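**Q** Okay, here's the prediction I keep looking at, along with the sequence it came from:
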Amino acid sequence: MIADRLMGLDEAVTRFVKDGCQLAIGGFTITRNPMAVAYEIIRQGVKDIHLVCHSNGQALDVLIGAGCVKRLEIAYGGNGRYAPTCVRFKKAVEGSKIQFEDYSNYQMSLRFLAGALSIPFIPTKSGLGSDLMNYEGFSREVRKEPKVANMKYAKIANPFSEEKDEVVLLPALTPDVTILHAQYVGEDGTVRMKGLTFADIEQAKAADKVIVTCEEIVPRSFIRSDPDQNSLPSFFVDAIVKVPYGAHPTACFNFYDSDPQHLNLYRKMAGDDSLFKEYLDEWVYSVASWEEYLMKVGMETILKIKANPVIGYAVGLDRK
Amino acid sequence: MIQYSDNEMMALAAGRFIKDGDIVFAGTGVSILAATAAKRIFAPGAVVFFETGGIDPSLEEIPMAVADLRAMSGTALNSGLIEAFSIVGNRRLHTIAFLGAAQIDRYGNLNTTVIGDYFKPKTRFSGSGGACDVATFASGVITFMQHEKRRFVEKLDYLTSVGWYKGGDSRRELGLKRGGALAVVTNLGVLKFHEETKEMYLTEYFPGVTIQKIVESTGFPIDTSHAVEAPAPTPGELRVLREEVDPQRLICQAILAVPQEGK
C-alpha cells in the first residue's frame, strides 16, 4: 500500500529533487504540467537543474524564470496561443543564461523510451538533413558531466541494408527524477492518467525516482475494476501527493481546463523582469499552502475552468 | 462583396489539398482551422489527429494548442507521443501534415528555431517540437507562412525541418524514403514545388493580390508562369468556418499563430 509514499509537496521535493539533478516533467505545453511540484521546487530554491523536455510549457517556463535551471535539453518551449514561445525560456536562451540543446518531440520521446527499456541508444530517421544534427548545444566540458551524453547524435549506416541507408542514433535518457500530475492514484499506488498521456509513461519508467501528484486517491477496488484504463504500476512511484488542481494554470482532462486569464496574466508579467519577480512573489514565494494558492485563484475561476466531466473540458470557456 | 480574413482564406486554400482517406496531422493556429475545415467541407472521409496522440476528436470546439483538452475529447482513441508518430510515419497511411514556420527557403525547408546565431540569437522561437519529425515521416507537408521577404529567404538561419533539402533527389539521398514539401499557403497565395528541381513556384494568387506583390515579398526568384487567381471563399464555406468550425472566432479573425519575430 502507499502509506509510506504518501507525503506533502515539501517532503517529496526535499527527498527527491536535489541541486544539480536531471529532471523530467510530465504533461505538454498547457496541459497536465505538475505545477504544484514546480512551485515547491522554486520555493525550496533547488538550483542547477538539468531539465530534459519534449514540449513542456508552463512548468518549464517558471522553473527557468525562477533560476532553478542550469541546463536544458528541449524540443519545444511554447504555450499555444498564450505564448507561442515560452517567455522566460526565450529570454534565458537569448541572454545566454542557460546551457541548451535542441532535439525534436519524437526524438525526446524515443530517448525516454530507450531509458525505460535500459538500452543505451535508439535509432530513428528523424534529424537527417536537419540542423538539429549540425549544432551541438553543449560544450565538451559539459559532456563530461554525469547524465550528459558524450555526443548529441550519432549517424550510422543501416547494418541490415546492402544499399546506402543512413540512420540517426539518439542517446538514452535516464533522469534522476520525473514529476507527473495524474488524475487518479489508487490506494495500491497504481497511476491512472486520463486523456492524452504524452510521454509521461516513458518519462516515469526511465527515471530513478518518480513523484506523482494527483487529483484524487481512489480505492483499490476502483483501480482494479478496469485495469485497462491504468497508466503506470505502483512500483514505479516513489512519492504520491494529493494536490487537487495541482496542474493549474494548465489543464487536467475531465477535471479542469487551462486558465486563459492566468496564462495571459503570466505572459504579460513574465515579459518584464521586475513584474516577473512580482509574479513569483505573489503566486509562489508568499503562498504558504496549496489551499492558499487555490484561494488566490478564487472560486469564480475555479468554477469557470471546471471541466464538464463527461466531455472533458470546460464547455464554452472564454479562451481569448 | 464577401468579407473574409487571411486566416479564413488560408484555411480554405489549404483544406482543398485534403482528400478522403487522408490522415491529417494538425498543428496549432490556422492549421487546426484548415484541418477542421478540410474535414467539414472538402474531405469528410479524412481523419484529423494531433501530434500529442488524439485521434479523430469530435472538434465541437476548436483546440487552441495540440495539448488542448479539445484535442482529446470525443476521440476514437487517445494515445501518447510515440503512438502518434507511429501514425505520422506509417507506411500504410497517407498522412498530410500542416506546419508553420518563421522562415522557409525555395525547397520548402523550414526554420522554427532561431533568427540569427544559434548560440547568440536575435530571436529565439519555440524550437522543433514535432515539426522535424513530421517533415521526416509524413507523406506530405503543407506549410502556412506570412508572405514576407524576410521569411522567404535564400538561406535559413537554422534548418529545423527538412523539405526537399537541396532540391532534385537530395531528400531521397538523405535516406528519407517518402514525403517532402507539398505546398505553401500564405496570406497572398499558394505555392507548390517543381516535379524535378523541387523549386518553389507560384500556383495561385488570392483575389486582390498581384503577382508583382508576391514576387516582391519573396526573397528568392520564383516562377509565376503557371499562376492563376484562386477562387474567393463561398458564403457556404465561410458559414461552415464561422458557425461550425470556429464559432468563438478564436482563429478565423486572429493573427497567424506562427512564430513572429520580436514577439
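**A** Great, that's in hand. Numbers count the residues shown, from 1 in each chain, chains lettered A, B, ... in the order given.

**Q** from here on, contacts and neighbour counts on C-alpha atoms
**A** Will do.

**Q** show me where the stretch 1-150 of chain A has strands.
**A** Ranges of strands in the stretch 1-150 of chain A, per DSSP state E, counting those that start in this stretch, are A:22-25, A:49-52, A:69-74, A:99-102, A:121-124.

**Q** got it, and the stretch 151-263 of chain B?
**A** B:181-186, B:189-193, B:200-205, B:228-229.

**Q** element containing B:Tyr118, please.
**A** Using DSSP states H and E, B:Tyr118 falls within no helix or strand.

**Q** For the stretch 151-300 of chain A, what lies in contact range of chain B?
**A** Those residues of the stretch 151-300 of chain A that sit near chain B, judged by Cα under 8 Å from any Cα of the partner chain, are A:164-167, A:195-199, A:251-253, A:257.

**Q** Lowest-confidence member of those residues, which is it?
**A** Lowest in pLDDT among those is A:Lys164, which has 91.

**Q** Of the strands of the stretch 1-150 of chain A, flag the one that's most buried.
**A** strand A:22-25 (a mean of 27; mean count of other Cα atoms under 10 Å in any protein chain shown).

**Q** centre of the chain versus it, how much separation?
**A** 7 Å (Cα atoms, centre = their mean, to the nearest Å).

**Q** could you say what helices and strands that strand packs with?
**A** The helices and strands touching strand A:22-25, judged by 3 or more Cα pairs under 8 Å, 6 or more residues apart in numbering or on different chains; DSSP states H and E, are strand A:49-52, strand A:177-186, helix A:200-206.

**Q** now the helices for the stretch 101-250 of chain A?
**A** A:105-116, A:140-143, A:200-206, A:220-225 (DSSP state H, counting those that start in this stretch).

**Q** could you dump the first one to PDB, C-alpha only?
**A** In this case it means helix A:105-116. This file holds the C-alpha atoms of helix A:105-116, laid out as PDB (Å, rounded to 0.1, in the frame of the first residue of the first chain):
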ATOM      1  CA  ASN A 105       9.500  15.800 -29.700                       C
ATOM      2  CA  TYR A 106       9.800  12.300 -31.200                       C
ATOM      3  CA  GLN A 107      13.500  12.200 -30.500                       C
ATOM      4  CA  MET A 108      13.000  13.200 -26.900                       C
ATOM      5  CA  SER A 109      10.100  10.700 -26.500                       C
ATOM      6  CA  LEU A 110      12.400   8.000 -28.000                       C
ATOM      7  CA  ARG A 111      15.200   8.900 -25.700                       C
ATOM      8  CA  PHE A 112      12.900   8.400 -22.700                       C
ATOM      9  CA  LEU A 113      11.700   5.100 -24.200                       C
ATOM     10  CA  ALA A 114      15.300   4.000 -24.600                       C
ATOM     11  CA  GLY A 115      15.900   4.900 -20.900                       C
ATOM     12  CA  ALA A 116      12.800   2.900 -19.900                       C
END
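
**Q** So for that helix, what gets flagged as buried?
**A** The neighbour-count check on helix A:105-116 (16 or more other Cα atoms under 10 Å in any protein chain shown) flags A:105-116 as buried.

**Q** rewinding a little: quick check, nearest of the residues of the stretch 151-300 of chain A next to chain B to A:Cys86?
**A** The nearest member of those to A:Cys86, counting by Cα to Cα, is A:Ala251 at 16.7 Å.

**Q** so that closest one touches A:Asp257, yeah?
**A** Yes. The pair A:Ala251 and A:Asp257 passes the contact test of Cα atoms under 8 Å, sitting 4.4 Å apart.

**Q** Need the helices and strands packed on strand A:22-25 in JSON lines (columns: distance to A:Gly26).
**A** Shown next, in JSON lines, are those (distance: least, Cα to Cα, whole Å):
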{"stretch": "strand A:49-52", "distance to A:Gly26": "10"}
{"stretch": "strand A:177-186", "distance to A:Gly26": "5"}
{"stretch": "helix A:200-206", "distance to A:Gly26": "5"}
